[in-house]
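Asks: Provided below for reference: sequence and predicted model.
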Amino acid sequence: MQIHQNYLNIVFWNANGIKNRKIELQDFINNHSPDLLLIQESHLQKQDKFYLPNFHCFKDNRDNPLYIRAAGGTATFIKRHLPYHQISIPPLQHIEATVISLNLPNLDPIIIASIYVPVTSDPQLFTLDLESIMQLESNIIMCGDFNAHHQVWNCSTNRPRGNQLLKFANQTNLYIIAPITPTRFGYNSTSTIDLALIKNFLFPYDVTSLSEHSSDHNPIEISFKFNYILPPDNSNININWTFFTNLFIEKHAHPLPIINSANSLDLEIRNFTDDLLAAHRNASKPYNNRNDWIHPNDKKKTYQDPQQCNKRTGKFQGTPTTKPFLIGLIKTSKKPSKTIRINYERKTRRPTNRWIILEFH
């Protein structure tokens, strides 16, 4: 079967249990049409069966005794028409993961991993398991709840696990993707701990934290665009630059951010670009007619100051290089009209000798 895939839509979500949320998940799929749905804290046990229509399901359950409440676990749901195969991974010591290989046409195999890093995991050693997954292929997309706090991805504080994750990303050339709005909501705090780690897969993308579902985490949607289309030509718009400046200053009135790594620099550039484009979009409006193409300053010169216009025209016509040329054009243009008028008069009435003498002299 030939696959025509112009984009890849991935949603990952710490669901805090999905066993009793099948209808909720199905409604979400109908609204957002994800190609892959990556679940963290699925809370499924070995004997649990969970299916979604038109999706294949792979799950990694936490080994819990039957008399203890289910916890942890990851799952990956992938659309049936997409070419893939499941990947066997070595035993992981500090994280939980479900891994598949996505084999899209004209692209190298892509490792897709649903990652859950428990709060109780070692904040320094958990990256060893991430490194094991990265050995599988060169193209990597790891999405999930990393329980890692750092200001680089919009958390309020830096914590040991966040410091270690940022250090690991810089050492291994991983790109960290995070939405600009929080992903987890506590009783008195918010944080962004649901992240995507990307390597060798830097297609244009959109990332959004979706305010849906009943978990303390929001679902995160990432849409990668394989066919990038250049933005339309906006040359026929009028920009209020004063309004644009005020909008942009409102967004950047705070002190300059602290940039101490490649990832923090990328994040600040992305935020700066988003704010710049938003200010440009809000300060722009299309022209209504052809007269609007004239710049306001030029309108004033043309319509409100005719003396200045005439003065400039006179200067142009009176220059030594153009004056003889213009006089010649004027004389040449009068000759045909004079000849035509004489011929017309001759045909319509009989001229008197006096009229002919006056006309030709």
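Replies: Perfect, I can see it now.
Asks: Give me the residue at the spatial middle of this structure.
Replies: D206 (4.5 Å; CA atoms, centre = their mean).
Asks: how about it, what does it touch?
Replies: Each residue near D206 by CB atoms under 8 Å, 6 or more residues apart in numbering is listed here: 221-223, 225. (C-beta placed from N, C-alpha, C; glycine too.)
Asks: ok, F50 to P219 distance?
Replies: 17 Å (CB to CB, to the nearest Å).
Asks: let me redo that: P109
Replies: Distance of P109 to P219, computed by CB to CB: 26 Å.
Asks: out of the two, which sits in the busier spot?
Replies: P219 (25 against 17; other CB atoms under 10 Å).
Asks: Give me the below-cutoff pLDDT ranges for the stretch 51-200 of the chain.
Replies: Across the stretch 51-200 of the chain, the ranges flagged by pLDDT under 70 are 63-70.
Asks: Which parts of it are helices?
Replies: With helices called from DSSP state H, counting those that start in this stretch, the stretch 51-200 of the chain shows them at 126-134, 160-172.
Asks: For the shortest one, name the packing helices and strands.
Replies: Okay, so that is helix 126-134. Applying 3 or more CB pairs under 8 Å, 6 or more residues apart in numbering; DSSP states H and E, we find helix 126-134 packed against strand 96-102, strand 110-116, strand 139-145, helix 160-172.
Asks: Turn those into a markdown table, including distance to I29 and mean neighbour count.
Replies: Shown next, in a markdown table, are the helices and strands packed on helix 126-134 (distance: least, CB to CB, whole Å; neighbours: other CB atoms under 10 Å):
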| stretch | distance to I29 | mean neighbour count |
| --- | --- | --- |
| strand 96-102 | 18 | 22 |
| strand 110-116 | 16 | 25 |
| strand 139-145 | 17 | 24 |
| helix 160-172 | 30 | 18 |
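Asks: Export these as a markdown table, with columns for distance to G73.
Replies: Output for the helices and strands packed on helix 126-134, formatted as a markdown table (distance: least, CB to CB, whole Å):
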| stretch | distance to G73 |
| --- | --- |
| strand 96-102 | 6 |
| strand 110-116 | 8 |
| strand 139-145 | 12 |
| helix 160-172 | 20 |
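Asks: thinking I141 is in contact with F203, fair?
Replies: No. If you go by CB atoms under 8 Å, I141 and F203 don't touch, sitting 10.5 Å apart.
Asks: Residues in contact with both of the two, list them for me.
Replies: In contact with both I141 and F203: no residue, using CB under 8 Å, 6+ apart.
Asks: The helix or strand containing the residue nearest to the centre of the chain pairs with which strands, parallel or anti?
Replies: Using DSSP states H and E, D206 sits in strand 205-209. Take DSSP bridges as the rule and strand 205-209 pairs in its sheet with strand 220-225 (antiparallel).
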